[in-house]
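Participant: Any chance you could fold what I've pasted below:
(one chain, ligands or ions: 4)
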Amino acid sequence: MDRQEMIDRVRAEMPEKRWLHTEGVMATAIVLAERYGEDPQRAELAAILHDVAKFWPVDRQAAVIRDNALSSDVLDYDKELWHALAGAWVAQREYGVTDPEVLDAINYHTSGRRGMTKLEKVVWLADYIEPGRNFPGVDDIRALAEQSLDRAVLAGLDGTIGVLIARGKRIYPLTVEARNGLIEELS
Ligand code: DGI
Ligand code: FE
Ligand code: FE
Ligand code: FE
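Facilitator: Ligands and ions are numbered 1, 2, ... in the order given. The predicted structure follows:
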């Protein structure tokens, strides 16, 4: 499938507002990839597809996870986490993506995980700081992203975990592991 056909198909899966977010993630992922020595084309490919399942009914997201024996422990945690696993599966099965690192970048774009690859960090951070995001603190992380990929991802994880704690929600263990791993990498 060529790039434009993929873009047209993904765009049709979501409201226009979410497509604009995806375009922001694509552009930001390319910039970060160039800055930190990752392949911009692979970063863009993961970005195009990262939220492909975001607007599916949650039952359909859960069915993909359950029926294909993906990490089913995620079904015990917030539904916001599910579209990432469903998206990676769809990227492989319906969009013909074969690059395992691109598939992992989609799969872990919400939770993160310990020992994230550079490509995973680039996509995770691009999702967090693309120009359409405007939550408190995002400008500080945009500034950090110019200095250190690891420190910016760590700050983003701190932000997400802080919001989950403030809302009284549980934290998916891979997110805690992602944060612990980055602190170890940085020390
Ligand atoms: O799909 P997006 O909105 O672009 O962003 P995303 O895929 O990073 O989803 C982030 C949402 O997931 C964020 O609002 C917080 C929520 N969430 C719920 N539980 C967890 C979680 N995020 C992480 N990283 N870990 C969790 O345990
Ligand atoms: Fe997402
Ligand atoms: Fe995210
Ligand atoms: Fe996103």
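Participant: Would you mind listing what in the chain touches ligand 1?
Facilitator: Within the chain, the positions near ligand 1 by C-beta under 6 Å from any ligand atom are 21, 51, 54, 77-78, 80-81, 84, 109-112, 127, 160, 164, 171-172, 175. C-beta: built from backbone N, CA, C; applies to glycine.
Participant: Among these, name the buried ones.
Facilitator: Buried by 16 or more other C-beta atoms under 10 Å: 21, 51, 54, 77, 81, 84, 109-112, 127, 160, 164, 171-172, 175, out of those.
Participant: and the residues you listed, which two are the farthest apart?
Facilitator: Maximum pairwise distance in those, criterion C-beta to C-beta, is 23.3 Å, between H21 and I171.
Participant: backbone phi and psi for the residue nearest the centre of the chain, please?
Facilitator: Against the mean C-alpha coordinate of the chain, by C-alpha atoms, centre = their mean, the closest residue is H109 at 2.1 Å. Taking degrees, to the nearest 10, you get phi -70, psi -20 for the backbone angles of H109.
Participant: nearest spatial neighbour of it, skipping sequence neighbours?
Facilitator: Excluding the flanking residues, the one nearest H109 by C-beta to C-beta, 6 or more residues apart in numbering is H50, at 4.7 Å.
Participant: what's near enough to touch the one you found?
Facilitator: Counting by C-beta atoms under 8 Å, 6 or more residues apart in numbering, H50 makes contact with 22, 25, 84, 87, 105-106, 109, 123, 127.
Participant: Can you tell me how far it is from A166?
Facilitator: 25 Å (C-beta to C-beta, to the nearest Å).
Participant: need the residues of this protein near ligand 4, please.
Facilitator: Within the chain, the positions near ligand 4 by C-beta under 5 Å from the ion are 51, 127.
Participant: After the helix or strand hosting D140, which helix or strand is next?
Facilitator: In this structure, D140 sits in helix 138-144 according to DSSP states H and E. Next helix or strand after helix 138-144 toward the C-terminus (DSSP H and E): helix 149-166.
Participant: For stretch 77-87, report the contacting residues that lie outside it.
Facilitator: For stretch 77-87, the surrounding residues in contact (C-beta under 8 Å, 6+ apart) are 49-54, 56, 58, 60-62, 64-65, 70-71, 74-75, 106-111, 169-170, 172.
Participant: List the ones among those residues that fall in helices.
Facilitator: Using DSSP state H to define helices, the subset of the contacts of stretch 77-87 located there is 49, 58, 60-62, 64-65, 106-107.
Participant: Can you turn the buried part of those residues into a ChimeraX selection?
Facilitator: Buried residues among these (16+ other C-beta under 10 Å), as a ChimeraX selection:
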select :49,61,62,64,65,106,107
